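A.B. asks: predicted coordinates and the sequence they were generated for:
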Amino acid sequence: MTNRPMHEVITRRQPVTLPPAASVQEACQAMRQHRIGAVLVTDEAGRLLGIFTGRDAIARVLAEGRDAAATRLQAVMTPQPHCCAPHRRAIEALRLMRDGGFRHIPVVEGERLVGIVSRGDFLGAEQARIEEETALWERL
């Protein structure tokens, strides 16, 4: 089924969040502990400020020779990431990820962080539809 609302996709877990002053090392440890590829960076009120992913760790920390223990997330996170509302359809989130070239998308309702989804959270039918759309666009 490719018509699922996002709230059905995100029902299985709460997102891992850290403050902007947390270190990259803390973020990487949290990602390893929870077996996830991204942490969300939030302020004291729980509002989304940014996202930090494994790609960020490689491109913005390791590749630049930064010290993971001394580097703060606010310096290397992706600020104001693209988000999706929980009432949107799963296929819309997949399109946004495909078009933006990213693997994770926070789910936000108003200013309230609801969750996060990654490509692996979607059903095979949703993935297949995106692949069909991509193939169609490539032929045009």
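C.D. replies: That came through, no problem.
A.B. asks: what is the mean pLDDT for stretch 90-110?
C.D. replies: Model confidence over stretch 90-110, given as mean pLDDT, is 90.
A.B. asks: residues contacting it, please?
C.D. replies: Surrounding stretch 90-110, the residues in contact under the criterion C-beta atoms under 8 Å, 6 or more residues apart in numbering are 2-10, 15, 37-38, 40, 48, 51, 53, 55, 81-86, 113-119, 122-123, 126-127, 129-130, 133-134. For every residue, glycine as well, the C-beta is placed using N, CA and C.
A.B. asks: do that again at 7 Å, thanks
C.D. replies: 2, 4, 6, 9-10, 37-38, 40, 48, 51, 53, 81-86, 113-119, 122, 126, 129-130, 134 (C-beta atoms under 7 Å, 6 or more residues apart in numbering).
A.B. asks: cool, and stretch 35-44?
C.D. replies: The contact list for stretch 35-44 (C-beta under 7 Å, 6+ apart) reads 15-20, 27, 30-31, 48-54, 73, 77, 103-104, 106, 113, 116, 118.
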